[in-house]
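[1] Requesting a structural model of the entry that follows:
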Amino acid sequence: MSAVQLDSLDLAALISSRLCHDVISPVGAIVNGLEVLEEEKDPAMREIALELVRKSAEQASARLQFARLAFGAAGSAGAQIDTGDAEHVARAVAADGKAELSWDGPRVLLPKNKVKLLLNLLVIATSTVPRGGKISVTIEGAEPATAFRIVTSGQMVRVPNGVVDLIAGAPENGHVDAHVIQPFYTGLVARASAMAVTIDMEGETVVLQAKPAS
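    The predicted model follows:
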């Protein structure tokens, strides 16, 4: 199956749609909480609304900071990103989810596309444990041979349908939309980083790996 080629404007539009989808929920909750604060006089209800605003603002901030590294420029061409920053934004987003995140790897500077790849693999890893579980991230080796390994386990762990083909750039139906742009984009970043990505079921776990392409 031949790889799908997206126009740069279409790719930007689909990524933008995906990012808006990720932040619209907490932003909407902030708006709802503020409306309650404007109308509600009961102290207990106001405190509940205020807590909703606080939590939702934290969620929105965490998701935007994650998106900045995973999808944004995050520096000029050829820039490097601290894996400690990647861990920080990953933990902030994970704190709002159902999966427990562990991170094992040195704090080093890596080419920005490799860090973007790692974070996008983490998004895919989260989708393999829809009812929660554990996600273990490992960074191995030194540049230029750095490799990533993410292992997930939990209730109903599975590899989402079509995700392997999307990473390869060849969706089964030959179509890419906002719902599937993230794994497709992950494949683009992997190829730009000269990294090979594999996703496999191993027993009751899903293993995602990215290694330098041979």
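[2] other SSEs contacting the helix or strand containing Cys20?
    Per DSSP states H and E: Cys20 is located in helix 8-39. Helix 8-39 is packed against helix 43-70, helix 181-192, with contacts defined by 3 or more CB pairs under 8 Å, 6 or more residues apart in numbering; DSSP states H and E. C-beta coordinates here come from the backbone N, C-alpha and C atoms, glycine included.
[3] looking at those, which is buried most?
    helix 181-192 (a mean of 22; mean count of other CB atoms under 10 Å).
[4] could you give the angle of that helix to helix 43-70?
    30 degrees (axes from the mean of the first three to the mean of the last three CA atoms, to 10 degrees).
[5] show me the contacts for Lys114.
    The neighbours of Lys114, taking CB atoms under 8 Å, 6 or more residues apart in numbering as the test, are Thr146, Ser193, Met195.
[6] and the gap between Gly169 and Gln65?
    28 Å (CB to CB, to the nearest Å).
[7] about what we covered before: can you lay out the helices and strands packed on helix 8-39 as TSV showing distance to Leu9 and mean pLDDT?
    Shown next, in TSV, are these (distance: least, CB to CB, whole Å; pLDDT from 0 to 100):
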stretch	distance to Leu9	mean pLDDT
helix 43-70	19	94
helix 181-192	13	96
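[8] what bridges to Arg149?
    Beta-bridge pairing of Arg149 under DSSP bridges involves Thr138, Gln209.
[9] any idea which element Met123 lies in?
    Check again: residue 123 is Val, not Met. Using DSSP H and E, the element containing Val123 is helix 112-127.
[10] Please read the previous query as pertaining to Val157.
    Using DSSP H and E, Val157 maps to neither a helix nor a strand.
[11] just checking, it touches Gly203?
    No. Using CB atoms under 8 Å, Val157 makes no contact with Gly203, being 9.7 Å away.
[12] Cross-check the contact I'm expecting between Leu117 and Phe148.
    Yes. Counting by CB under 8 Å, Phe148 is a contact partner of Leu117 at 7.3 Å.
[13] Now the common contact residues for the two.
    Ala210.
[14] the more surrounded of Val157 and Gly203?
    Between Val157 and Gly203, counted using other CB atoms under 10 Å, the more crowded position is Val157 (18 against 8).
[15] How about the contacts made by that one?
    For Val157, the contacting residues are Thr128, Val129, Gly133, Glu204, Thr205, Val206, by CB under 8 Å, 6+ apart.
[16] Now a ChimeraX select for only the buried ones of those residues.
    A single ChimeraX command selects the buried members of the contacts of Val157 (16 or more other CB atoms under 10 Å):
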select :128,129,133,205,206
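[17] Tell me how many other residues crowd Asp96.
    The burial count for Asp96: 13, using other CB under 10 Å.
[18] roughly how far apart are the residue nearest to it when sequence neighbours are not counted and Val4?
    If you skip the residues right next to it in sequence, Asp96 has Gln59 as its closest partner in space, 5.1 Å away by CB to CB, 6 or more residues apart in numbering. For Gln59, the distance to Val4 equals 32 Å [CB to CB].
[19] Quick check: chain neighbours aside, which residue is closest to Val129?
    Gly154 is the one closest to Val129 (CB to CB, 6+ apart), at 3.9 Å.
[20] cool, Leu118 as well?
    Nearest non-adjacent residue to Leu118, counting by CB to CB, 6+ apart: Phe148, 5.2 Å away.
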